[in-house]
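>>> Sequence first, then the predicted structure:
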Amino acid sequence: MLDQVRCLGVAWRPMAKKQSELKIEGAGVAPVTVPEIDKLADVYIKERDKRMKQTPREVAAKGRLIDALHANADKLRNPDGDIVYRMDDLLITLTPGKEKLQVRDVSEQNEAE
C-alpha cells in the first residue's frame with residue numbers, strides 16, 4: 001500500500017494520536033454568572049418575543065396600505081414618481097422601484113423649526 005500512496009505523489013505518514021480533552025472545571029474556567037444580567041436578559045427576551053409575534057401583523061398591514069396607495073396612485077403621485085399622502089401630522093411616502101414605505105411624523109419637524 002505504501003507504494004500505491006507514493007505513486008500518487010503523496011508521502012505516507014502515520015496519524016497523530018488524539019489528545020484527550022481538557023477538563024472544564026475549576027476557578028477561571030467555569031462560566032461567570034451575573035444575576036443582574038440574567039434578570040435583564042430575561043426581560044429583554046420577553047419584550048423581543050412580543051415584538052416578533054407582531055411582525056406578521058405589521059407586514060400584512062403594510063401590504064394593505066401599499067395596495068391602497070397603488071389603487072389611488074393617480075391622485076397621489078408626485079412628478080418625481082413618489083406616491084405621497086398626508087394624514088394629520090403624518091406623511092406617508094411610497095418610493096417606486098424597490099418599493100420603500102415611509103411614515104413620518106411631520107409635527108416633530110415643525111416643532112424643531
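Yes, it's here.

>>> Doesn't residue 75 belong to a helix?
Yes. Per DSSP: H, G, I helix; E, B strand; the rest coil, residue 75 lies within a helix segment.

>>> now it: how far from residue 84?
Counting by CB to CB, to the nearest Å, the gap from residue 75 to residue 84 is 11 Å. No exception for glycine: its C-beta is placed from N, CA and C like everyone else's.

>>> Same question for residue 37.
In this view, residue 37 and residue 84 are 46 Å apart by CB to CB.

>>> And these two? Which one has more around it.
Here residue 37 and residue 84 are compared on neighbour count by other CB atoms under 10 Å; more neighbours surround residue 84, at 15 against 10.

>>> Now do the same for the more buried one: helix, strand or coil?
Classified using three-state DSSP, residue 84 is strand.

>>> Where does pLDDT dip in this protein?
1-17, 19-28, 109-113 (pLDDT under 70).

>>> where along it do the strands fall?
Secondary structure of the chain by DSSP state E: the strands cover 83-87, 90-95, 100-105.

>>> among those strands, which is the most enclosed?
With neighbours taken as mean count of other CB atoms under 10 Å, those reach their highest mean count in strand 90-95, at a mean of 16.

>>> Tell me what angle it forms with strand 83-87.
170 degrees (axes from the mean of the first three to the mean of the last three CA atoms, to 10 degrees).

>>> Show me what strand 90-95 is packed up against.
helix 35-71, strand 83-87, strand 100-105 (3 or more CB pairs under 8 Å, 6 or more residues apart in numbering; DSSP states H and E).

>>> ok, 6 Å please
For strand 90-95, the packing partners by 3 or more CB pairs under 6 Å, 6 or more residues apart in numbering; DSSP states H and E come out as strand 83-87, strand 100-105.
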